[in-house]
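Participant: fold the following, please.
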Amino acid sequence: MQSSVEALSSSRYKLVTEEKAEGATYTPKNLADFVAEQIRRAAPVTIGNRTIRVLDPATGDGELLISLLAQFDGLGTGAIEVHGFETDIRAVNIARDRIKQRFPKVALHLAYGSFLDFVLDEVRPHDSGGLFAKDVVPSYDLIIANPPYVRTQIMGAEQAQLLATQFGLAGRVDLYYAFIVGMAYVLKPGGVGGIIVSNRFMTTKSGGAVRQAIREQFNVRHVWDLGDTRLFDAAVLPAVLLVGKHDGRQRMSAGFTSIYTSTEKPTQQATDVIAALRFDGVVAIDDGRRFTVKNGTLDISAAADAVWRVATAAGDSWLVTVEASTWGRFGDIGKIRVGVKTCADKVFIRTDWDDMPAETRPELLRPLTTHHVAQRFRAGVAKKTRHILYPHETVNGQRRAVDLATCPRARAYLEQHRSTLERRTYVIEGGRQWYEIWVPQDPSSWDVPKLVFRDISEAPTFWLDLEGSIVNGDCYWLVCKKPEDADLLWLAAAVANSSFIEAFYDHSFNNKLYAGRRRFITQYVEHFPLPDPALPRSRNIVALAKKIYETVGISKVDDIARQLDQLVWEAFGVPVKEVTG
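Facilitator: This is a model prediction of the structure:
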């Protein structure tokens, strides 16, 4: 976010320097003031009796440091030393001038350089792994930070893996993960930090390593998930972490506040989204927007790398009731997969295959399901039907590329595009044929019934595919481990399309994108609950789901859908939309 990714342009991290990839998103003043106030409130009482050493590891234009210094100005504290790192020399000069003008007595040490390099120069991970193996005294009492947000896709897998190794992390690593671990090293025991980050790490599999590191190295005081408040111009959903360095004492309970767009009637009024954080419930702000604010605690009952969510008495009681009526999970039906990815869609996927002369039209064409036909229970009719040239087959239980010698028209077509396809060097380097799809999935599964669903949508959109189509990479899909369990797909479709699952999602994962949209990805959907399929109510649910599938597009299904929705709520033992907190 705040600093430039040029911080990684040393010999350790040679990365792209385009503005888009720099992660530079300077902090709005109202958010900077909020974080600074939380740090001051949490700072040890004795901090005023000695020199305070303050750090911003990604200084930017100095907004965060100015806000923090303002919190301590006039409080009679001892001397303040301010330290910062920034890899944009222009920003360094701007920050230095701004801070000197406002706080001329502050001892200012702004370095033109990389905080991550500084940390790695101070501590070299031992062979046993772990940045904290070397015993060096941490330096800073207070940290305020908005580290750069640069995802693995922009950094590149090689650079991300380097960061993971050097900072004792695992899996897909975003740049700010390394900053968080580095800050844990340099913060003194009992010190306090306020960190602005993307909220993405709280609920994704890739964030598991940093969630674990935070819980091991810090006492988390409070988490504010600022959701879709649009505090930044960039398309990043921010969060604020208020942490103390773990000092060996018993860990305290952490507060958790979330704020997301709402369409419900407000019961309170606030000037802006920061002011709205003081309330609980639906809050209207002066610019006309409405938000639902939830206050609870950070659920730390699960494993250290578990998803972070707001825990409230009402919400937890609701989940306990649901769990008591849960027979299994979607992940028990079968493996959830993303659709195929060709990395050359213009070659493999077209809507005009039928316009080709029959003598040149390729073999191996298969119907393709995409988000364009997304509709509950049964796919809609696309304006343009898409087919994919699918050069894969299963033989003796093993997937392999089709021998193009047996498909002369497909071979001729693919040869026309050979130069384009061979530019996907990673396909060939992976020991694959140049004409293969990069992610083909399992060819033997396409012809069996499958549950398909969109990745991102405001309301869940799951449908049955009984036509043997191939699923595109903009959707996910699920087939049964056992063919005789096909009715479980109908039961899952009913649960997934219900208003119940929206409530379950919000209680369990606490993650939305802009405009109230949710992400329906493997790590969430595999945990969706299923009632006992042997119960009469479940059999009724399956029957109604099939009826909707057969009826949709022919006559209205609203009444059936409402009846089905009610049955799903009842199947889990909770009244319809009983809990909103």
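Participant: excluding chain neighbours, give the residue nearest to the residue nearest to the spatial centre of the chain in space.
Facilitator: What sits nearest the mean C-alpha location of the chain, by Cα atoms, centre = their mean, is R200, with 3.7 Å. Spatial nearest neighbour of R200, excluding adjacent residues (Cβ to Cβ, 6 or more residues apart in numbering): G207 at 6.6 Å. C-beta: built from backbone N, CA, C; applies to glycine.
Participant: what about the one you found, distance to A254?
Facilitator: Per Cβ to Cβ, to the nearest Å, G207 is found 16 Å from A254.
Participant: who has more neighbours, these two?
Facilitator: G207 (24 against 21; other Cβ atoms under 10 Å).
Participant: how about that one, secondary structure?
Facilitator: helix (DSSP: H, G, I helix; E, B strand; the rest coil).
Participant: is it in contact with S198, as I believe?
Facilitator: No: taking contacts as Cβ atoms under 8 Å, G207 lies outside contact range of S198: 9.3 Å.
Participant: the residue nearest to the centre of the chain: what's it in contact with?
Facilitator: Going by Cβ atoms under 8 Å, 6 or more residues apart in numbering, R200 touches D174, G207, L237.
Participant: nearest to R423, of those residues?
Facilitator: D174 (27.7 Å; Cβ to Cβ).
Participant: and for the closest one, the neighbour number?
Facilitator: 29.
Participant: next one: the one 4 residues further on
Facilitator: By other Cβ under 10 Å, the residues close to A178 number 29.
Participant: quick one: it from T312, how far?
Facilitator: Taking Cβ to Cβ, one finds A178 at 33 Å from T312.
Participant: then A111?
Facilitator: Applying Cβ to Cβ to A111 and T312 gives a distance of 43 Å.
Participant: thinking again about what came up before, how about the contacts of R200 in JSON lines, adding pLDDT?
Facilitator: Output for the contacts of R200, formatted as JSON lines (pLDDT from 0 to 100):
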{"residue": "D174", "pLDDT": "79"}
{"residue": "G207", "pLDDT": "84"}
{"residue": "L237", "pLDDT": "86"}
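Participant: break the protein into its domains for me.
Facilitator: 5-245, 323-333+482-581, 335-479 (automatic domain parsing).
Participant: least reliable of those going by mean pLDDT?
Facilitator: Lowest mean pLDDT within the domains of the chain: domain 5-245, a mean of 79.
Participant: any idea how far T27 lies from P536?
Facilitator: Counting by Cβ to Cβ, the gap from T27 to P536 is 57 Å.
Participant: ok, now A494?
Facilitator: For A494, the distance to P536 - Cβ to Cβ - is 15 Å.
Participant: higher neighbour count, those two?
Facilitator: More crowded of A494 and P536, by other Cβ under 10 Å: A494, with 31 against 7.
Participant: and S262, what are its phi and psi?
Facilitator: For S262, the backbone dihedrals (degrees, to the nearest 10) come out as phi -130, psi 150.
Participant: report pLDDT for it.
Facilitator: Predicted confidence (pLDDT) for S262: 89.
Participant: my guess is W490 meets N540, correct?
Facilitator: No: applying Cβ under 8 Å, one finds W490 not in contact with N540, separated by 11.3 Å.
Participant: who has more neighbours, these two?
Facilitator: Per other Cβ under 10 Å, whichever of W490 and N540 has more neighbours is W490, with 23 against 15.
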